[in-house]
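Q: Mind looking at a prediction? Sequence and model below.
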Amino acid sequence: MKDRVCVGAITGAFGIRGEVRLKSFCAEPESIASYGPLSSEDGTATWNLQLVRPAKSGFVGRLSGVTTKEEADALRGTKLHVARSRLPELPEDEFYNADLIDLLVFDTGGKELGRVTAILNHGAGDLLEIGLRDSRPGIFLPLTRANVPTIDLTNGRIVIDPPDGLFD
(Lines give C-alpha, C1' and ligand atoms only; values in the text may rest on other atoms or scores of the structure.)
Protein backbone atom coordinates (compact mmCIF):
# COMPACT_ATOMS: atom_id res chain seq x y z
CA MET A 1 0.00 0.00 0.00
CA LYS A 2 2.98 2.37 0.21
CA ASP A 3 2.64 3.00 -3.55
CA ARG A 4 -0.90 4.38 -3.04
CA VAL A 5 -2.22 6.99 -0.63
CA CYS A 6 -5.77 7.48 0.65
CA VAL A 7 -6.87 10.98 -0.35
CA GLY A 8 -10.57 10.89 0.50
CA ALA A 9 -13.72 8.90 1.12
CA ILE A 10 -17.23 8.73 -0.27
CA THR A 11 -19.70 9.61 2.47
CA GLY A 12 -22.91 8.97 0.54
CA ALA A 13 -25.05 9.75 -2.47
CA PHE A 14 -26.27 13.21 -3.42
CA GLY A 15 -29.43 13.53 -5.46
CA ILE A 16 -30.73 11.00 -7.98
CA ARG A 17 -28.18 11.31 -10.82
CA GLY A 18 -25.30 9.37 -9.31
CA GLU A 19 -23.48 12.27 -7.66
CA VAL A 20 -21.63 11.48 -4.45
CA ARG A 21 -20.75 13.35 -1.29
CA LEU A 22 -17.08 13.05 -0.55
CA LYS A 23 -14.64 14.11 2.08
CA SER A 24 -11.15 15.09 0.98
CA PHE A 25 -8.16 14.27 3.18
CA CYS A 26 -5.86 16.56 1.14
CA ALA A 27 -4.18 19.63 2.64
CA GLU A 28 -5.93 21.63 -0.10
CA PRO A 29 -9.25 19.76 -0.18
CA GLU A 30 -10.20 20.63 -3.76
CA SER A 31 -6.93 19.18 -5.08
CA ILE A 32 -8.41 15.67 -4.72
CA ALA A 33 -9.79 16.06 -8.25
CA SER A 34 -6.42 16.99 -9.75
CA TYR A 35 -4.42 13.84 -8.97
CA GLY A 36 -5.86 11.77 -11.79
CA PRO A 37 -7.81 8.56 -11.52
CA LEU A 38 -8.87 7.55 -8.02
CA SER A 39 -9.21 3.91 -7.05
CA SER A 40 -10.87 1.84 -4.37
CA GLU A 41 -8.73 0.57 -1.50
CA ASP A 42 -8.27 -2.83 -3.13
CA GLY A 43 -7.59 -1.25 -6.53
CA THR A 44 -10.38 -3.14 -8.31
CA ALA A 45 -12.37 -0.02 -9.26
CA THR A 46 -11.09 3.23 -10.76
CA TRP A 47 -12.88 6.53 -11.35
CA ASN A 48 -12.21 9.97 -12.73
CA LEU A 49 -13.56 12.64 -10.38
CA GLN A 50 -15.19 15.93 -11.24
CA LEU A 51 -16.03 18.22 -8.33
CA VAL A 52 -19.47 19.78 -8.78
CA ARG A 53 -19.71 22.07 -5.76
CA PRO A 54 -18.76 22.40 -2.10
CA ALA A 55 -21.08 20.73 0.39
CA LYS A 56 -21.27 20.46 4.15
CA SER A 57 -18.07 18.72 5.33
CA GLY A 58 -16.75 18.15 1.81
CA PHE A 59 -17.84 18.20 -1.81
CA VAL A 60 -20.41 16.91 -4.21
CA GLY A 61 -18.73 15.14 -7.10
CA ARG A 62 -19.29 12.97 -10.12
CA LEU A 63 -17.39 9.72 -10.56
CA SER A 64 -17.01 8.32 -14.06
CA GLY A 65 -19.38 5.41 -14.64
CA VAL A 66 -21.62 6.22 -11.66
CA THR A 67 -24.97 7.41 -13.02
CA THR A 68 -27.65 6.40 -10.53
CA LYS A 69 -28.43 7.05 -6.89
CA GLU A 70 -28.24 3.30 -6.23
CA GLU A 71 -24.72 3.08 -7.67
CA ALA A 72 -23.66 6.10 -5.60
CA ASP A 73 -25.27 4.66 -2.45
CA ALA A 74 -23.36 1.40 -2.95
CA LEU A 75 -20.07 3.35 -2.78
CA ARG A 76 -20.77 4.86 0.66
CA GLY A 77 -17.71 4.34 2.86
CA THR A 78 -15.36 3.69 -0.07
CA LYS A 79 -11.91 5.12 0.55
CA LEU A 80 -10.37 6.81 -2.47
CA HIS A 81 -6.71 6.18 -3.25
CA VAL A 82 -4.26 7.67 -5.74
CA ALA A 83 -0.88 6.55 -6.96
CA ARG A 84 1.79 8.07 -4.69
CA SER A 85 3.75 9.18 -7.76
CA ARG A 86 0.88 11.57 -8.64
CA LEU A 87 1.15 13.42 -5.32
CA PRO A 88 3.46 16.38 -4.72
CA GLU A 89 6.79 15.90 -2.95
CA LEU A 90 6.63 17.06 0.66
CA PRO A 91 9.04 19.25 2.59
CA GLU A 92 11.40 17.44 4.97
CA ASP A 93 9.27 18.06 8.06
CA GLU A 94 6.02 16.78 6.50
CA PHE A 95 4.77 13.29 5.69
CA TYR A 96 1.79 11.38 4.40
CA ASN A 97 -0.08 9.46 7.09
CA ALA A 98 0.50 6.26 5.09
CA ASP A 99 4.24 6.72 5.73
CA LEU A 100 3.74 6.14 9.47
CA ILE A 101 2.06 2.74 9.24
CA ASP A 102 4.36 -0.04 10.52
CA LEU A 103 6.97 2.35 11.97
CA LEU A 104 8.51 1.19 15.24
CA VAL A 105 7.48 3.25 18.27
CA PHE A 106 9.98 4.13 21.01
CA ASP A 107 9.61 6.18 24.17
CA THR A 108 11.97 9.08 24.88
CA GLY A 109 14.22 6.73 26.87
CA GLY A 110 14.76 4.49 23.84
CA LYS A 111 12.51 1.60 24.92
CA GLU A 112 10.65 -0.05 22.04
CA LEU A 113 6.91 0.01 22.72
CA GLY A 114 5.34 -1.36 19.53
CA ARG A 115 4.38 -0.36 16.00
CA VAL A 116 1.99 2.11 14.41
CA THR A 117 -0.92 0.04 13.11
CA ALA A 118 -3.22 2.82 11.86
CA ILE A 119 -3.81 6.56 11.69
CA LEU A 120 -7.40 7.47 12.53
CA ASN A 121 -9.26 10.76 12.38
CA HIS A 122 -12.77 11.01 13.77
CA GLY A 123 -12.93 14.78 13.42
CA ALA A 124 -10.84 16.03 16.32
CA GLY A 125 -7.39 15.40 14.84
CA ASP A 126 -5.21 12.46 13.89
CA LEU A 127 -4.73 9.57 16.32
CA LEU A 128 -1.92 7.04 16.17
CA GLU A 129 -3.04 3.51 16.87
CA ILE A 130 -0.06 1.77 18.43
CA GLY A 131 0.02 -2.01 18.63
CA LEU A 132 2.01 -2.91 21.73
CA ARG A 133 4.73 -5.57 21.90
CA ASP A 134 3.16 -7.34 24.86
CA SER A 135 -0.29 -8.92 25.03
CA ARG A 136 -2.07 -5.75 26.16
CA PRO A 137 -4.51 -4.05 23.77
CA GLY A 138 -3.10 -1.26 21.61
CA ILE A 139 -3.39 2.38 22.56
CA PHE A 140 -4.43 5.56 20.81
CA LEU A 141 -2.25 8.65 21.00
CA PRO A 142 -3.11 12.05 19.54
CA LEU A 143 -0.62 12.90 16.81
CA THR A 144 0.71 16.19 18.17
CA ARG A 145 4.24 17.55 18.40
CA ALA A 146 4.07 17.28 22.18
CA ASN A 147 3.15 13.56 22.06
CA VAL A 148 5.26 12.68 19.00
CA PRO A 149 8.40 14.82 19.05
CA THR A 150 10.33 12.73 16.49
CA ILE A 151 9.25 11.10 13.25
CA ASP A 152 12.25 9.48 11.57
CA LEU A 153 11.09 8.04 8.25
CA THR A 154 14.64 7.29 7.15
CA ASN A 155 15.20 4.87 10.04
CA GLY A 156 11.59 3.67 10.23
CA ARG A 157 10.83 4.87 13.76
CA ILE A 158 9.01 7.44 15.80
CA VAL A 159 9.64 8.61 19.34
CA ILE A 160 6.68 9.38 21.56
CA ASP A 161 6.40 11.27 24.83
CA PRO A 162 3.03 9.97 26.05
CA PRO A 163 1.04 11.44 28.92
CA ASP A 164 1.77 9.88 32.31
CA GLY A 165 -0.10 6.65 32.96
CA LEU A 166 -0.89 5.80 29.33
CA PHE A 167 1.32 2.71 29.36
CA ASP A 168 0.65 1.60 32.95
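A: Perfect, thanks for sending it.

Q: for residue 136, helix, strand, or coil?
A: With DSSP: H, G, I helix; E, B strand; the rest coil as the basis, residue 136 sits in coil.

Q: for residue 40, what are its contacts?
A: 46, 78, 79, 80, 81 (CB atoms under 8 Å, 6 or more residues apart in numbering). All C-beta atoms are positioned from the backbone trio N, CA, C, and that covers glycine.

Q: Narrow those residues to those that are buried.
A: For the contacts of residue 40, a burial check counting by 16 or more other CB atoms under 10 Å picks out 78, 80, 81.

Q: so where's the chain uncertain?
A: Filtered on pLDDT under 70, the chain yields the residue ranges 1, 168.

Q: all strands for it, in order.
A: For the chain, strands defined by DSSP state E occupy the ranges 4-14, 19-24, 38-39, 46-47, 49-55, 58-63, 79-83, 104-107, 112-121, 126-132, 139-142, 150-152, 157-160.

Q: ok now the third one, how far from the chain's centre?
A: Same thing as strand 38-39. Between the centre of strand 38-39 and the centre of its chain there are 14 Å (CA atoms, centre = their mean, to the nearest Å).

Q: same question, stretch 96-104
A: 10 Å.

Q: Check which residues of it are buried.
A: Buried residues in stretch 96-104 (16+ other CB under 10 Å): 96, 97, 98, 99, 100, 101, 103, 104.

Q: domain ranges for the protein?
A: As assigned by automatic domain parsing, the chain contains the domains 4-86, 97-160.

Q: start to end distance for the longest one?
A: Spelled out, it's domain 4-86. End-to-end distance of domain 4-86 (CA to CA, to the nearest Å): 9 Å.

Q: tell me how far that domain is from the chain's mean position?
A: Its chain's C-alpha centre and that of domain 4-86 lie 14 Å apart, by CA atoms, centre = their mean.

Q: related to what we said a few turns ago, pick out the most distant pair among the contacts of residue 40.
A: The distance between the two most remote of the contacts of residue 40 (CB to CB) is 13.4 Å, for 46 and 79.
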